[in-house]
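1. Here's a sequence, model it:
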Amino acid sequence: QVQIAESGGGVVRPGGSQRLSCVASGSIDSIYAMGWYRQAPGRQRDSVASISNAGITNYVESVQGRFTISRDIDKNTVYLQMNSLKPEDTAVYYCYFHLVLSGSLQYTEHWGHGIQVTVSS
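-> Coordinates of the predicted model:
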């Protein structure tokens, strides 16, 4: 019922920038929150950034000032602009949506399949 498609990612040099995009499509009534997690090799999946339906953003301390989360409500799309990238930012990045499906009254959570970001010289 909901399809999640991520784009962006790849290899970037330290200090470089990259932009991730994630779009949700399908029988969506409304979206309440969007965000990004990441998982580095051998580590758990951790939150990176989120944005609420009111536009309130939150970031993990390690990316504050370097990453910016934004959204396009009309396109059901969330973005993650990553600047001043560091090798420790290397991970698989996952987007998520908290949304209500058409004809439903409940929130459901939907995840992307993940996209690799590698920061290396």
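
2. Is the residue nearest the centre of the chain in a helix, a strand, or coil?
-> What sits nearest the mean C-alpha location of the chain, by Cα atoms, centre = their mean, is W36, with 2.9 Å. Secondary structure, DSSP: H, G, I helix; E, B strand; the rest coil: W36 is strand.

3. hang on, isn't it packed against M82?
-> No. W36 is not in contact with M82 according to Cβ atoms under 8 Å; the separation is 9.6 Å. (Each C-beta comes from the backbone N, C-alpha and C, glycine too.)

4. shared neighbours, those two?
-> The contact sets of W36 and M82 overlap at L20 (Cβ atoms under 8 Å, 6 or more residues apart in numbering).

5. Show the pLDDT at the residue nearest to the centre of the chain.
-> W36 is assigned 98 on the pLDDT scale.

6. do the one 3 residues further on as well
-> In the prediction, the pLDDT value recorded for Q39 is 98.

7. Skipping adjacent residues, who's closest to Q106 in space?
-> V100 (6.9 Å; Cβ to Cβ, 6 or more residues apart in numbering).

8. same deal with S70?
-> S70 sits nearest to Y79 (Cβ to Cβ, 6+ apart), 4.9 Å away.
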